[in-house]
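Colleague: Pasted the sequence and its predicted model underneath.
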Amino acid sequence: MAFVPSYIVAARRTALGRIGGLHRSRRIADLAAPVVRAALADAEIDASEVDELIVGNASEGGNPARLISLAAGLPETVAAHSIDRQCASGLDAILAAVRLVQAGDADVVVAGGAESLSTAPWRVAKPRSLYQLPQFLRVDPAGADTADAPVPFEASEHLPRRLGISRARQDAVALRSFLKAEAAREARRFVGEIVPLRGNAEEARDQSVVEPALEDLAEMTPFTPPDGTLTPGNTSSLHDGAAFVVVVSSRVWRARGKPGALVLRSAAALGVAPGCDGEAPVAALRKLYDRLNGFRRDEVSVFELSESSAAQEIAMADLLEINPDLINPDGGAIARGHPLGAAGAVLAVRLFSRLVRAPQPDAGRYGVATLGAIGGLGLAALFEAAR
């Protein structure tokens with residue numbers, strides 16, 4: 001079987017909204033379908049040309065990819081399947097699409113992630129006996145009790161303790177994330193990336209990018225008092241959102257005049273010990289580096305990380321000796337939110353914007369997307385810009 005090069009030629013996402021906020025009444029198909037249509041329009045690909053839709057999701061159950069496919073106006077013949085690797089689901093879906101095209105089994109695949117936690121079904125545990133009441137289950141069994149708490153904060157707290165990362169340093173990195181996100185918005189770097197689902201200003205910006213003061217961050221109560229360092233201000237919170245890319249074969253890419261695209265160079269997934277979830281992205285990125293024989297790490301110009309906490313971003317910079325300025329240059333999940341199964345797809349869209357859609361003057365050719373998933377799993381992928 002011949003290897004077929006594949007290209008990501010379009011990438012779009014919604015603005016990210018707090019649970020019960022911007023997208024509070026939108027079910028998953030309503031949230032995701034407009035993004036799918038916008039990405040296909042960018043790629044100048046008709047719905048009839050799509051072979052498959054792959055969706056990462058962690059909360060809906062069933063096969064939401066099929067619902068999204070039909071809502072987006074794709075033909076009934078288009079195959080659709082869903083992937084659940086929790087937070088890594090969206091990036092996993094994109095990697096699956098790339099491999100499907102590379103195997104020669106498809107020419108056009110739309111892939112990404114969607115998470116409508118505001119409208120997702122409730123999960124209820126079956127009672128063990130006739131005398132017990134049903135118990136509602138949280139979205140993430142290892143996570144927190146409220147939507148404002150990080151995912152999962154118990155494991156994330158282990159990281160700063162082991163590495164000696166102070167609360168003050170975490171708060172400073174969190175503030176910097178908000179400042180970078182606000183600067184990117186003012187510079188209109190999200191224009192062309194976000195699909196406004198309605199014609200108003202709120203739909204064109206991430207809902208949580210509201211700059212706090214460092215003093216306010218310092219006064220926040222930690223999730224695990226009295227010695228905890230993680231707070232609502234230096235961790236990411238669960239959000240609603242959707243993000244999709246269009247992956248095409250070299251034949252389709254050439255037929256459309258070889259537009260700017262992202263090309264996957266390598267990817268790695270790795271599990272870590274229970275309780276060490278915060279270290280999963282670092283572990284996955286190390287494994288990715290080990291696979292890249294002869295590749296110079298300093299060629300990577302941007303690292304998009306969907307961090308569960310500022311401590312995770314600090315650990316990645318310290319342990320892998322990465323320039324902090326290269327990590328989330330337009331702000332990270334602390335500022336914009338963490339849409340669970342769509343989080344990894346958001347990273348791919350961000351890389352497309354920085355390296356392909358509107359490359360910065362200092363933009364290089366390579367970018368990395370990495371994140372951890374509940375249960376101690378890490379995923380990292382290296383992409384190259386084909387301009």
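Modeller: Received, thanks.
Colleague: in the stretch 201-350 of the chain, which spans are strands?
Modeller: Assigned by DSSP state E, counting those that start in this stretch, the stretch 201-350 of the chain shows strands spanning 239-249, 261-271, 300-305.
Colleague: deepest of these, which one?
Modeller: Of all the strands of the stretch 201-350 of the chain, strand 239-249 carries the top mean neighbour count, a mean of 31, counting by mean count of other CB atoms under 10 Å. Placement of C-beta: from N, CA and C, glycine included.
Colleague: Tell me which other helices or strands it touches.
Modeller: Judged by 3 or more CB pairs under 8 Å, 6 or more residues apart in numbering; DSSP states H and E, strand 239-249 is in contact with strand 6-13, strand 17-18, helix 28-43, helix 89-102, strand 108-115, helix 343-352.
Colleague: Distance to Val98 and mean pLDDT added to the strands of the stretch 201-350 of the chain, as JSON lines?
Modeller: Shown next, in JSON lines, are these (distance: least, CB to CB, whole Å; pLDDT from 0 to 100):
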{"stretch": "strand 239-249", "distance to Val98": "6", "mean pLDDT": "98"}
{"stretch": "strand 261-271", "distance to Val98": "5", "mean pLDDT": "96"}
{"stretch": "strand 300-305", "distance to Val98": "17", "mean pLDDT": "96"}
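Colleague: So which of these is nearest Pro121?
Modeller: Closest to Pro121 of the strands of the stretch 201-350 of the chain is strand 239-249 (CB to CB; 14.4 Å).
Colleague: Can you add distance to Ile83 and give the strands of the stretch 201-350 of the chain back as CSV?
Modeller: Putting the strands of the stretch 201-350 of the chain into CSV (distance: least, CB to CB, whole Å) gives the following:
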stretch, distance to Ile83
strand 239-249, 13
strand 261-271, 12
strand 300-305, 19
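Colleague: Ok, which of those strands comes nearest Gly233?
Modeller: Using CB to CB, the nearest of the strands of the stretch 201-350 of the chain to Gly233 is strand 239-249, at 15.7 Å.
Colleague: And the closest one, how far out from the chain middle?
Modeller: Centroid separation between strand 239-249 and its chain, computed with CA atoms, centre = their mean, to the nearest Å, is 10 Å.
Colleague: Stretch 21-41 too?
Modeller: In this view, stretch 21-41 has its centroid 16 Å away from the chain centroid, taken as CA atoms, centre = their mean.
Colleague: would you list the helices and strands packed on strand 239-249 in JSON lines and tack on mean neighbour count, distance to Ala71 and mean pLDDT?
Modeller: JSON lines is the format used below for the helices and strands packed on strand 239-249 (neighbours: other CB atoms under 10 Å; distance: least, CB to CB, whole Å; pLDDT from 0 to 100):
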{"stretch": "strand 6-13", "mean neighbour count": "28", "distance to Ala71": "16", "mean pLDDT": "98"}
{"stretch": "strand 17-18", "mean neighbour count": "23", "distance to Ala71": "19", "mean pLDDT": "96"}
{"stretch": "helix 28-43", "mean neighbour count": "23", "distance to Ala71": "4", "mean pLDDT": "98"}
{"stretch": "helix 89-102", "mean neighbour count": "27", "distance to Ala71": "17", "mean pLDDT": "98"}
{"stretch": "strand 108-115", "mean neighbour count": "32", "distance to Ala71": "11", "mean pLDDT": "98"}
{"stretch": "helix 343-352", "mean neighbour count": "31", "distance to Ala71": "17", "mean pLDDT": "98"}
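Colleague: Of all the ones you listed, which one comes closest to Gly62?
Modeller: Among these, the nearest to Gly62 by CB to CB is helix 28-43 (10.2 Å).
Colleague: From the contact counts, what lies against that closest one?
Modeller: On a contact count with 3+ CB pairs under 8 Å, 6+ apart, helix 28-43 meets strand 6-13, helix 64-71, strand 108-115, strand 239-249.
Colleague: so can I have TSV of those showing distance to Pro232?
Modeller: Compiled in TSV, these are given as follows (distance: least, CB to CB, whole Å):
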stretch	distance to Pro232
strand 6-13	24
helix 64-71	29
strand 108-115	20
strand 239-249	13
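Colleague: Determine which of those approaches Asp92 most closely.
Modeller: Closest approach to Asp92 among these (CB to CB): strand 108-115, 8.6 Å.
Colleague: Identify the residues contacting whatever helix or strand comes next after that closest one?
Modeller: Downstream of strand 108-115, the first helix or strand assigned by DSSP states H and E is strand 123-125. Contact with strand 123-125 is made by 134-137, 139, as judged by CB atoms under 8 Å, 6 or more residues apart in numbering.
Colleague: neighbouring strands for strand 123-125, and are they parallel or not?
Modeller: Applying DSSP bridges, strand 123-125 is found paired with strand 135-137 (antiparallel).
Colleague: how about JSON lines for the helices and strands packed on strand 239-249, with distance to Ala168 added?
Modeller: Output for the helices and strands packed on strand 239-249, formatted as JSON lines (distance: least, CB to CB, whole Å):
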{"stretch": "strand 6-13", "distance to Ala168": "33"}
{"stretch": "strand 17-18", "distance to Ala168": "27"}
{"stretch": "helix 28-43", "distance to Ala168": "38"}
{"stretch": "helix 89-102", "distance to Ala168": "32"}
{"stretch": "strand 108-115", "distance to Ala168": "32"}
{"stretch": "helix 343-352", "distance to Ala168": "27"}
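Colleague: among the ones you listed, which is nearest Ser208?
Modeller: When these are compared (using CB to CB), the closest one is strand 17-18, at 6.1 Å.
Colleague: Contacts for the closest one next, please.
Modeller: With contacts defined as CB under 8 Å, 6+ apart, strand 17-18 is touched by 23-24, 118, 147, 206-208, 237, 239-241, 337.
Colleague: Given that strand, what are its sheet partners and their directions?
Modeller: Using DSSP bridges, strand 17-18 pairs in its sheet with strand 239-249 (antiparallel).
Colleague: nearest to Ala10, of the strands of the stretch 201-350 of the chain?
Modeller: Nearest of the strands of the stretch 201-350 of the chain (CB to CB): strand 239-249, 4.3 Å.
Colleague: circling back to that earlier point, out of the contacts of strand 17-18, the closest to Ala47 would be?
Modeller: Among these, Gly241 lies closest to Ala47 (CB to CB), at 22.6 Å.
Colleague: Thank you, goodbye.
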